[in-house]
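In: missing the sequence, but the structure's below:
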């Protein structure tokens, strides 16, 4: 019995010693936050934002549009393992022009409105996150689209070509 119990205890102790990377809290958006792809100031553009925390990086990478963040997630080339993903809760945003600096929600719990025909901060069609399904539905009722979780957003919603002739709204 001791021969079986001792290896099991050693295995448990070894497992307890392994470090598990904890998901960091969201970082408030500041005037110095730059968008990952274009290196433009994130706060200068309206619409929802995204931030991704990567293992080994002291600060998150920010995105001026959630569409850009989803494109990064769908890309096979990443800089490091992802620890956490946060998006602006547009149901708690003061306005489209001011998406908020601290109203971040975990992307895996958000309800994303896809295909609404609204322009994000960089002018491309936007993917709009909400914490509450009712707020997402109210947005859909006004601007169209469909709500879905992050993992089901179609590739073409983030990676597809942008039709510059397609009229997009700037929500109020």
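Out: Now that the structure is in, tell me what you want to look at. Note that the structure is a prediction, hence the values are computed from the model and not measured. Residues are numbered from 1 along each chain as shown.
In: quick check: mean pLDDT across the lengthiest strand in the chain?
Out: In the chain, ranked by residue count with DSSP state E as the criterion, the top strand is strand 82-88. Confidence over strand 82-88 (mean pLDDT, whole number) is 97.
In: partner strands of that strand, with direction?
Out: When pairing is defined by DSSP bridges, strand 82-88 lines up against strand 50-54 (antiparallel), strand 104-106 (antiparallel).
In: out of those strands, which one sits most buried?
Out: Each of the strands paired with strand 82-88 was given a mean neighbour count from mean count of other Cβ atoms under 10 Å, and the largest, a mean of 23, is that of strand 50-54. The way it works is simple: take the backbone N, C-alpha and C, and place the C-beta from them, glycine included.
In: chain center to that one: distance?
Out: Centroid separation between strand 50-54 and its chain, computed with Cα atoms, centre = their mean, to the nearest Å, is 7 Å.
In: what comes into contact with it?
Out: Taking contacts as Cβ atoms under 8 Å, 6 or more residues apart in numbering, the residues outside strand 50-54 that touch it are 23-24, 26-27, 29, 60-63, 65-66, 68-70, 72-73, 78-88, 104, 107.
In: from those residues, keep the buried residues only.
Out: 26-27, 29, 60-63, 65-66, 68-70, 72-73, 83-88, 104, 107 (16 or more other Cβ atoms under 10 Å).
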